[in-house]
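Participant: only geometry, no sequence info:
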């Protein structure tokens with residue numbers, strides 16, 4: 001008998017992931033679609049914009065709602081006044097967004113604090129997360145004292161047990177956030193992650209609201225400090241999970257995005273890999289501190305990229321720590337009158353294909369940059385997707401700038417040589433625009 005065609009309906013695809021939910025602050029009824037448009041046809045929350053723009057959009061939405069909603073107790077209070085008097089009644093000013101200057105790791109901690117205060121089902125577990133240092137990088141420092149040992153739980157040195165407990169807790173209705181001291185240590189928990197967490201909703205429709213925090217990548221990329229992790233503490237694990245249906249994967253590059261995406265990841269009913277480039281922690285990069293909005297209403301949708309720099313000559317696709325390498329390269333390219341557009345993917349699954357298409361349609365050239373090794377890295381998958389869907393917008397071959405196919409080095413000079421640098425991007429970009 002002839003095999004039935006592969007179903008393409010949304011109902012079938014929704015079996016892989018639990019249903020999406022509206023973002024915080026969005027006014028949705030039971031029949032609303034989280035991807036619905038406003039009356040003007042635009043997304044209620046901008047896709048691929050900065051955190052500040054999302055905050056501004058949220059304020060505008062709340063102002064619009066307050067203006068269109070009347071209070072039965074005060075309705076008519078101004079309309080009953082004489083026209084001259086009613087014109088003098090000032091409109092209420094919007095409340096200013098409260099912010100705090102934070103580093104990358106402090107922003108992650110702030111997101112955990114706010115979500116644990118808001119939702120008693122949110123818990124943290126991992127090695128030393130409730131101890132004196134608050135994990136290997138101090139991200140969970142103070143959580144055990146604030147929320148108790150049952151919600152910030154120290155675990156044995158057993159990654160398989162940590163992940164298994166996290167998956168089980170998620171199935172029972174909790175929202176656990178697992179911390180691996182280093183992403184490399186996750187390997188012993190693969191069975192629970194790949195064969196259980198990723199497939200439970202597919203098999204019997206049960207949500208698995210689990211977040212796995214993974215400090216990943218090389219540390220500094222400098223030659224003056226012996227702070228690198230070497231081959232056993234510096235791997236990039238994204239491709240271990242990108243090929244497994246059921247996982248969502250995010251990789252923020254700024255403190256504001258780290259907080260907003262952590263809030264969204266915890267609220268998501270699907271398992272989420274949360275990649276934290278440890279080279280962006282304040283311990284290594286104090287220069288990246290920025291004002292971060294406070295409050296759980298400030299979140300970013302998973303699957304939205306950000307245009308970090310606009311350009312016309314080529315598109316640089318990247319994520320995580322390499323976003324800053326790309327921006328540095330774009331500055332140097334501008335000195336030679338080459339205009340590079342930098343796209344920070346922020347989310348690897350789901351992927352913001354619309355932002356990628358818009359940029360490629362404009363620049364017609366693509367350079368993919370990532371810290372992971374070249375063979376089997378995300379660059380190959382992105383290149384295939386772009387070739388399949390946007391081939392006729394390309395004026396030149398797709399180029400990649402990646403780490404070499406070797407383990408990471410511990411020696412600072414060798415680590416520096418191993419990591420992709422701005423000058424590597426500049427060299428490839430110059431050849432690309434001439435092709």
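Facilitator: Structure's in. What do you need? Source: prediction; values computed, not measured.
Participant: count the neighbours of residue 92 for me.
Facilitator: 8 (other C-beta atoms under 10 Å). Yep, even glycine has a C-beta here, placed from its N, CA and C like the rest.
Participant: same deal with the one 3 residues further on?
Facilitator: Neighbouring residues of residue 95 were enumerated by other C-beta under 10 Å; the total is 8.
Participant: quick one, what contacts the nearest residue to residue 136 once chain neighbours are set aside?
Facilitator: The shortest distance from residue 136 to any non-neighbouring residue, by C-beta to C-beta, 6 or more residues apart in numbering, is to residue 181 (4.1 Å). By C-beta atoms under 8 Å, 6 or more residues apart in numbering, residue 181 lies in contact with 126, 127, 128, 135, 136, 215.
Participant: if the most centrally placed residue in the chain is in a bridge, with which residues?
Facilitator: Among the residues of the chain, the one closest to the centroid is residue 250, at 3.7 Å (C-alpha atoms, centre = their mean). Beta-bridge pairing of residue 250 under DSSP bridges involves residue 274, residue 347.
Participant: my guess is it contacts residue 302, does it?
Facilitator: Yes. The pair formed by residue 250 and residue 302 meets the contact definition of C-beta atoms under 8 Å, at 6.0 Å.
Participant: any common contacting residues for these two?
Facilitator: With C-beta under 8 Å, 6+ apart as the test, residue 250 and residue 302 both reach 261, 265, 272, 347.
Participant: tell me how many other residues crowd the third one.
Facilitator: Translated: residue 272. Neighbours around residue 272, by other C-beta under 10 Å: 28.
Participant: let me see the contact set for the residue lying closest to it once chain neighbours are set aside.
Facilitator: Spatially, and ignoring its direct neighbours in sequence, residue 272 is nearest to residue 265 (4.1 Å; C-beta to C-beta, 6+ apart). Taking C-beta under 8 Å, 6+ apart, we find residue 265 in contact with 211, 248, 250, 272, 274, 302.
Participant: near the second one, how many other residues are there?
Facilitator: Meaning residue 248. Number of residues near residue 248 (other C-beta under 10 Å) recorded here: 21.
Participant: of the contacts of residue 181 - the most surrounded one?
Facilitator: residue 215 (29 neighbours).
Participant: quick one: stretch 290-302 to chain centroid distance?
Facilitator: 12 Å (C-alpha atoms, centre = their mean, to the nearest Å).
Participant: helix/strand/coil for the residue nearest to residue 272?
Facilitator: helix (DSSP: H, G, I helix; E, B strand; the rest coil).
Participant: all helices of the stretch 101-250 of the chain, in order?
Facilitator: Secondary structure of the stretch 101-250 of the chain (DSSP state H, counting those that start in this stretch): helices at 104-118, 143-147, 159-171, 190, 200-204, 238-242.
Participant: should've said the stretch 301-435 of the chain
Facilitator: Applying DSSP H, counting those that start in this stretch to the stretch 301-435 of the chain gives helices spanning 322-334, 353-363, 378-389, 412-418, 422-434.
Participant: on that earlier part again, now the two most distant members of the contacts of residue 181.
Facilitator: Greatest spatial distance among the contacts of residue 181 (C-beta to C-beta): 128 and 215, at 13.1 Å.
Participant: which neighbours do the two have in common?
Facilitator: What both residue 128 and residue 215 touch, as defined by C-beta under 8 Å, 6+ apart, is the set 136, 181.
Participant: picking up where we left off before, figure out which of the helices of the stretch 101-250 of the chain is closest to residue 413.
Facilitator: helix 104-118 (25.4 Å).
Participant: just checking, what packs against the closest one?
Facilitator: Under the contact criterion of 3 or more C-beta pairs under 8 Å, 6 or more residues apart in numbering; DSSP states H and E, helix 104-118 touches strand 122-126, helix 143-147, helix 255-267, strand 272-277.
Participant: low pLDDT regions in the stretch 201-350 of the chain?
Facilitator: Residue ranges of the stretch 201-350 of the chain with pLDDT under 70: 219-228.
Participant: can you do 90?
Facilitator: The stretch 201-350 of the chain contains residues with pLDDT under 90 at 204, 217-235, 278-279, 282-286.
Participant: residues near residue 165, how many?
Facilitator: Residue 165, neighbours per other C-beta under 10 Å, totals 17.
Participant: and the helices and strands packed on helix 104-118: which comes nearest residue 415?
Facilitator: Per C-beta to C-beta, nearest to residue 415 of the helices and strands packed on helix 104-118: strand 272-277, 14.3 Å.
Participant: angle of that closest one against helix 104-118?
Facilitator: On the basis of axes from the mean of the first three to the mean of the last three C-alpha atoms, to 10 degrees, strand 272-277 is oriented at 150 degrees to helix 104-118.
Participant: please pull up the helix or strand immediately following strand 272-277.
Facilitator: Next helix or strand after strand 272-277 toward the C-terminus (DSSP states H and E): strand 290-293.
Participant: list the helices and strands that next one packs on?
Facilitator: Secondary-structure packing of strand 290-293 (3+ C-beta pairs under 8 Å, 6+ apart): helix 51-68, strand 99-102, helix 255-267.
Participant: let's go with 10 Å and repeat that
Facilitator: Using 3 or more C-beta pairs under 10 Å, 6 or more residues apart in numbering; DSSP states H and E, the elements in contact with strand 290-293 are helix 51-68, strand 99-102, helix 104-118, helix 255-267.
Participant: low pLDDT regions in the stretch 1-150 of the chain?
Facilitator: For the stretch 1-150 of the chain (pLDDT under 90), the answer is 1-97, 131-133, 136.
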